[in-house]
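*Asks:* coords please:
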Amino acid sequence: MARRKKIYEGKAKTLYEGPEPGTIIQYFKDDATAFNAEKKAVIEGKGVLNNMLSEYFMTGLNTIGVPTHFIKRINMREQLVRACEIVPLEIIVRNYAAGSMAKRLGIEEGTQLPRPIVEYCLKDDALGDPLVTEEHIAAFGWASQQDMDDILSLALRVNDFMAGVMFGIGIKLVDFKIEVGRVYDGDFQRLIVADEISPDSCRLWDIETGRKLDKDVFRRDLGSLTDAYTEVANRLGIMPKGATPMARPTLIN
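*Replies:* Numbering: from 1, shown residues only. Coordinates of the predicted model:
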């Protein structure tokens, strides 16, 4: 593999310069983290599964007219994506109370919410990605009012798509997180869904049994994370039943 320039390395992905201007290669790692990286592990095959699952969801969104940064999957661990300027927010859409919301508001986990609730967190690992309001976002200039209107629209469209896909395979979409990026066509700016959509960034529960099929398996020591993610991939028809995700190769950076 030819040497290439590393742009950024995060907890779950590494970004490299793409083959053409305005493109990035996104490499999915096997690293798993929780509680702001206080809990860590390397789980073989996780990166392969997340790459394939994110490709499936991003392709589906592009097909229905929800713009994303995804261009194509290159191999089992890498995607070619469009470079964009990431808005420094995590956008969380909640359909059921779970995780921090359940604790913060004293709502029993699993309670269906009256409508999807959209929350925002500032992307800052050192601060623990704190919850922020639209007032904070406007005051500190993290996004304009037009950006916020567009972000809300994107988030709810992603929710409609993801909830429908998951329901069709017997899975409840409890909540999920997305990131959004700015791209420019001359003087015209638009927002697109960026980063990834995978069980790392969603809460997915089996409708019949309540079994967790997401990163809570790792957070709460509920069994094999690879088995949970493979179950989602199998139900979506992404991986043949019985297939084993490939171990990660050695890369020359």
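
*Asks:* can you name the next helix or strand after the helix or strand that K177 is a member of?
*Replies:* In the assignment (DSSP states H and E), K177 maps to strand 171-185. Counting by DSSP H and E, the element after strand 171-185 in chain order, helix or strand, is strand 188-194.

*Asks:* which residues touch the following helix or strand past that following strand?
*Replies:* Per DSSP H and E, strand 188-194 leads on to strand 202-206 as the next helix or strand towards the C-terminus. Outside strand 202-206, the residues that touch it by CB atoms under 8 Å, 6 or more residues apart in numbering are 96, 98-99, 110, 162, 166, 170-177, 211-214, 216, 232. All C-beta atoms are positioned from the backbone trio N, CA, C, and that covers glycine.

*Asks:* now, of the residues you listed, which are buried?
*Replies:* For these, a burial check counting by 16 or more other CB atoms under 10 Å picks out 96, 98, 162, 166, 171-177, 212-214, 216, 232.

*Asks:* state the distance from T111 to D227.
*Replies:* 27 Å (CB to CB, to the nearest Å).

*Asks:* sorry, that was for D147
*Replies:* In terms of CB to CB, D147 sits 39 Å off from D227.

*Asks:* and these two? Which one has more around it.
*Replies:* A count of neighbours by other CB atoms under 10 Å puts D147 above the other of D147 and D227, at 18 against 10.

*Asks:* show me what the strand or helix carrying that one is packed against.
*Replies:* Using DSSP H and E, D147 sits in helix 145-168. Judged by 3 or more CB pairs under 8 Å, 6 or more residues apart in numbering; DSSP states H and E, helix 145-168 is in contact with helix 46-63, strand 89-96, strand 112-122, helix 134-139, strand 171-185, strand 188-194.

*Asks:* direction included, what does the strand holding K177 pair against?
*Replies:* Sheet pairing of strand 171-185 (DSSP bridges) gives strand 85-86 (antiparallel), strand 89-96 (antiparallel), strand 188-194 (antiparallel), strand 202-206 (antiparallel).

*Asks:* redo those as a markdown table? Include distance to G22 and mean pLDDT.
*Replies:* Conversion of the strands paired with strand 171-185 to a markdown table gives the following (distance: least, CB to CB, whole Å; pLDDT from 0 to 100):
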| stretch | distance to G22 | mean pLDDT |
| --- | --- | --- |
| strand 85-86 | 12 | 97 |
| strand 89-96 | 23 | 98 |
| strand 188-194 | 13 | 96 |
| strand 202-206 | 28 | 98 |
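
*Asks:* N62: which of the ones you listed is closest?
*Replies:* For the strands paired with strand 171-185, the distance to N62 is smallest for strand 188-194, at 9.1 Å, taking CB to CB.
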